[in-house]
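> could you look at this predicted model? Sequence included:
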Amino acid sequence: MRPLAEAQRHVIGAVGRLPAIEVPLAESAGLVLAAEVHAPHDIPAFANSAMDGYAVLAADLIELPALLEVLEDVAAGSVPSRAVGRGQAIKIMTGAPMPAGADTVVQVEHTDGGSDRVAISVATEAGTAVRPAGSDLTAGSLVLDTGTRLGPAHLATLASIGEAQPRVYRRPRVAVFSTGDELRPYETPQLAPGQIRDTNRLLIQESLRELGAEVLDLGIIGDDPDQLRAVLADAAERADAVTTSGGVSMGEYDLVKEVLSELGGVEFWQVAIQPAKPFAFGSIAGTPFFGLPGNPVSVFVAYEQFLRPALLHMMGSPRLFRPRIEGILDEPVDTNPEKTVFLRVGIAWHNGDAHARLSGGQGSHVLSALASADALAVVPAGVASINAGEPVVLEMFRWPEERRLDELEA
Ligand code: AMP
Ligand code: MG
């Protein structure tokens with residue numbers, strides 16, 4: 001059996017980055033910057049008011065109350081037509097450009113709100129409520145680094161500098177199909193004896209969409225070698241990566257394994273993890289192939305440990321793996337000391353500590369316990385049991401990734 005981290009390093013080392021392209025900003029969420037972005041000019045481009053109030057000279061506010069002449073009103077979107085001199089003020093709204101001469105804004109609450117003359121009753125230091133030009137970003141400075149995975153705040157920041165076509169790594173297109181004669185589409189109301197609903201395809205597809213990949217849904221393929229061969233070849237041609245579930249373990253009908261062995265380029269691994277020990281990885285006609293196990297919870301674990309990090313790497317992200325935190329296990333568990341075991345656990349937070357308990361049955365078919373889990377408790381190989389109250393590592397699969405390849409532990 002291969003240790004998990006070694007298998008992960010192998011997978012990451014074997015998949016390449018996708019090409020960089022320019023995409024419209026509104027279509028770039030979830031994608032990763034392929035180049036540094038620098039500010040073309042100062043942001044804000046002009047000094048402006050942070051408050052509704054009066055733009056004045058702080059030197060006029062030594063003796064209070066100060067009575068000043070109001071020259072004009074300036075709203076956000078317009079520009080002052082006059083400069084402010086001694087004894088003068090301009091009524092100004094939040095976001096409006098600072099008039100020449102003024103160095104301070106007195107918020108309206110500290111005044112009598114006057115129109116022709118204003119009385120100011122509160123001492124205000126020079127620079128108060130003024131947002132200087134460049135106080136967010138200075139011209140030429142680094143805004144976002146290569147490798148940044150774009151989220152809403154990144155998009156808004158790029159919008160603020162007018163970067164409408166960021167350079168990003170292309171969105172991966174991933175072909176997905178399920179294998180197994182027992183599988184029927186999940187919409188099937190009445191199953192015949194021996195049949196089950198296909199859950200893996202939806203699990204993988206929605207995980208891929210959440211990641212920002214494009215899905216090529218190739219449906220359910222029965223345990224038929226000719227059909228499998230044809231679908232695999234088609235998938236490899238049309239997609240950047242191909243992923244299947246089922247058929248990679250030891251059973252007589254594990255035909256994915258048989259067909260892939262003929263094609264060459266794919267290896268069958270026994271990874272020292274539980275669940276998700278059997279895993280096939282390699283390439284078909286140059287396209288990375290991920291043969292996930294059949295049991296749904298194994299599919300999820302294999303997706304999390306291999307496919308998701310590999311796709312993030314293809315997408316240009318240096319951050320590949322989910323964050324891990326230390327929690328406390330609130331009940332005793334026995335695990336397999338030969339493998340890294342991923343327990344499905346729910347978390348209750350007490351005084352900032354994450355207290356974990358099994359979220360249900362730990363069989364690799366028990367989807368309901370996965371659905372009610374908040375994290376995977378990671379019990380490393382070499383550990384046979386954990387007592388109640390002992391620390392445990394929690395992999396936060398609902399949190400975005402943050403660990404890099406060089407931060408990988410078993
Ligand atoms: P296999 O590795 O193909 O022998 O599958 C292992 C187990 O996972 C069997 O119980 C299968 O019925 C089940 N399984 C395989 N594929 C799926 C799927 N797409 N949805 C739900 N269960 C599946
Ligand atoms: Mg099968």
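All right, it came through fine. Ligands and ions are numbered 1, 2, ... in the order given.
> ok, residue 346 - how many residues close by?
16 (other C-beta atoms under 10 Å). C-beta: built from backbone N, CA, C; applies to glycine.
> what's the closest non-adjacent residue to it?
Excluding its sequence neighbours, the residue lying closest to residue 346 (C-beta to C-beta, 6 or more residues apart in numbering) is residue 359, at 4.3 Å.
> distance of that neighbour relative to ligand 2?
26 Å (C-beta to the ion, to the nearest Å).
> and residue 343, by the same measure?
With C-beta to the ion as the criterion, residue 343 and ligand 2 are 25 Å apart.
> what's around the residue in the stretch 201-350 of the chain that ligand 1 sits nearest to, how many residues?
Distances between the stretch 201-350 of the chain and ligand 1 by C-beta to the nearest ligand atom are smallest at residue 294, namely 2.2 Å. By other C-beta under 10 Å, 24 other residues sit near residue 294.
> about what we covered before: contact partners for the residue nearest to residue 346?
Contacts for residue 359 were tallied using C-beta atoms under 8 Å, 6 or more residues apart in numbering; they are 344-346, 369-370, 372-374.
> how about the longest helix that the chain contains as CSV, C-alpha atoms only?
The longest helix of the chain (DSSP state H) is helix 225-238. Extracted in CSV, the C-alpha atoms of helix 225-238 (Å, rounded to 0.1, in the frame of the first residue of the first chain):
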residue,chain,number,x,y,z
PRO,A,225,-15.9,-3.6,-22.1
ASP,A,226,-16.7,-2.4,-25.6
GLN,A,227,-18.9,0.5,-24.4
LEU,A,228,-16.3,1.4,-21.8
ARG,A,229,-13.5,1.5,-24.3
ALA,A,230,-15.5,3.8,-26.6
VAL,A,231,-16.6,6.1,-23.8
LEU,A,232,-13.1,6.4,-22.3
ALA,A,233,-11.6,7.3,-25.7
ASP,A,234,-14.3,9.9,-26.4
ALA,A,235,-13.9,11.3,-22.9
ALA,A,236,-10.1,11.6,-23.1
GLU,A,237,-10.5,13.5,-26.4
ARG,A,238,-13.1,16.0,-25.2
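> where do the strands sit along the stretch 251-400 of the chain?
266-270, 273-274, 278-284, 287-292, 324-329, 333-334, 340-350, 353-358, 375-379, 385-386, 391-395 (DSSP state E, counting those that start in this stretch).
> most tightly packed of those?
Burial of the strands of the stretch 251-400 of the chain is given as mean neighbour count (mean count of other C-beta atoms under 10 Å); strand 287-292 ranks first at a mean of 25.
> can I get the contacts of residue 359 in JSON lines with distance to residue 68 and pLDDT?
Below are these laid out as JSON lines (distance: C-beta to C-beta, whole Å; pLDDT from 0 to 100):
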{"residue": "344", "distance to residue 68": "67", "pLDDT": "98"}
{"residue": "345", "distance to residue 68": "65", "pLDDT": "98"}
{"residue": "346", "distance to residue 68": "63", "pLDDT": "98"}
{"residue": "369", "distance to residue 68": "70", "pLDDT": "98"}
{"residue": "370", "distance to residue 68": "67", "pLDDT": "98"}
{"residue": "372", "distance to residue 68": "64", "pLDDT": "98"}
{"residue": "373", "distance to residue 68": "64", "pLDDT": "98"}
{"residue": "374", "distance to residue 68": "59", "pLDDT": "98"}
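> what is the nearest of these to residue 140?
The closest of the contacts of residue 359 to residue 140 turns out to be residue 374 (C-beta to C-beta; 43.9 Å).
> from residue 347, how far out is that closest one?
4 Å (C-beta to C-beta, to the nearest Å).
> how about residues contacting stretch 126-133?
For stretch 126-133, using C-beta under 8 Å, 6+ apart, the contacting residues are 42, 44-51, 53, 58-59, 98, 103-107.
> alpha carbons only: can I get that stretch in PDB?
In PDB, the C-alpha atoms belonging to stretch 126-133 read as follows (Å, rounded to 0.1, in the frame of the first residue of the first chain):
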ATOM      1  CA  ALA A 126      -6.300  68.100   9.900                       C
ATOM      2  CA  GLY A 127      -6.900  65.100   7.700                       C
ATOM      3  CA  THR A 128     -10.000  63.900   9.500                       C
ATOM      4  CA  ALA A 129     -12.500  62.100   7.200                       C
ATOM      5  CA  VAL A 130     -10.400  62.600   4.200                       C
ATOM      6  CA  ARG A 131      -9.500  59.600   2.000                       C
ATOM      7  CA  PRO A 132      -6.200  60.500   0.300                       C
ATOM      8  CA  ALA A 133      -5.600  59.500  -3.300                       C
END
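> ok now that stretch, how far from the chain's centre?
Counting by C-alpha atoms, centre = their mean, to the nearest Å, stretch 126-133 is centred 35 Å from the centre of its parent chain.
> look up phi and psi at residue 7.
Residue 7 adopts backbone torsions of phi -60, psi -40, taken as degrees, to the nearest 10.
> excluding its backbone neighbours, what's nearest it?
Leaving aside its sequence neighbours, residue 7 is closest to residue 271 (4.8 Å, by C-beta to C-beta, 6+ apart).
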